[in-house]
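S.K.: predicted coordinates and the sequence they were generated for:
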Amino acid sequence: MKRFNLWLAEKITRGVATMWCAYIFAAIALISLPKAIASGDSVVIISWVAQTFLQLVLLSIIMVGQKVQSSAVENKINETHAASLAEFELAKEARGFAHSEIAQLRQLSQDMHTLMKEVEAKLKS
């Protein structure tokens, strides 16, 4: 039952979070507009605007906006992740170069020590 409830909730949310749903809700709300206007009562008209039109239509529009914002955030996260992976690969490559250079410097240092010992030995003899 829990699985069905989650499935149904997802389907309803996907359906309500569309501009087509907002248009349908607007059309449904507009059906009662003539009666609200005909009443001539400002409280009834304000109630219609606030409780009927805004609540019905803005529900879907807000959900669409959240979906758009969520998608933008997800895209930014994916871009950041890709950039981070690229920087990580560059860092690994730089580390490899550094290890190679350190090995070369060690070899040069050993060669210099060997030469210095040879020069020192020749100077003593």
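M.R.: The structure has been received and is ready for your questions. Predicted model only: the values in this text are computed from it and were never measured. Numbers count the residues shown, from 1 in each chain.
S.K.: how much space separates the most centrally placed residue in the chain from Met63?
M.R.: Closest to where the C-alpha atoms of the chain average out (CA atoms, centre = their mean) is Glu74, at 2.2 Å. Counting by CB to CB, to the nearest Å, the gap from Glu74 to Met63 is 16 Å. Bear in mind the C-beta positions are built from the backbone N, C-alpha and C, glycine included.
S.K.: now do the longest helix seen in the chain: distance to the chain's middle.
M.R.: Ordering each helix of the chain by length in residues (DSSP state H) puts helix 55-124 first. Centroid displacement of helix 55-124 relative to its chain, using CA atoms, centre = their mean, to the nearest Å, is 22 Å.
S.K.: what helices or strands is it leaning on?
M.R.: helix 2-16, helix 19-31 (3 or more CB pairs under 8 Å, 6 or more residues apart in numbering; DSSP states H and E).
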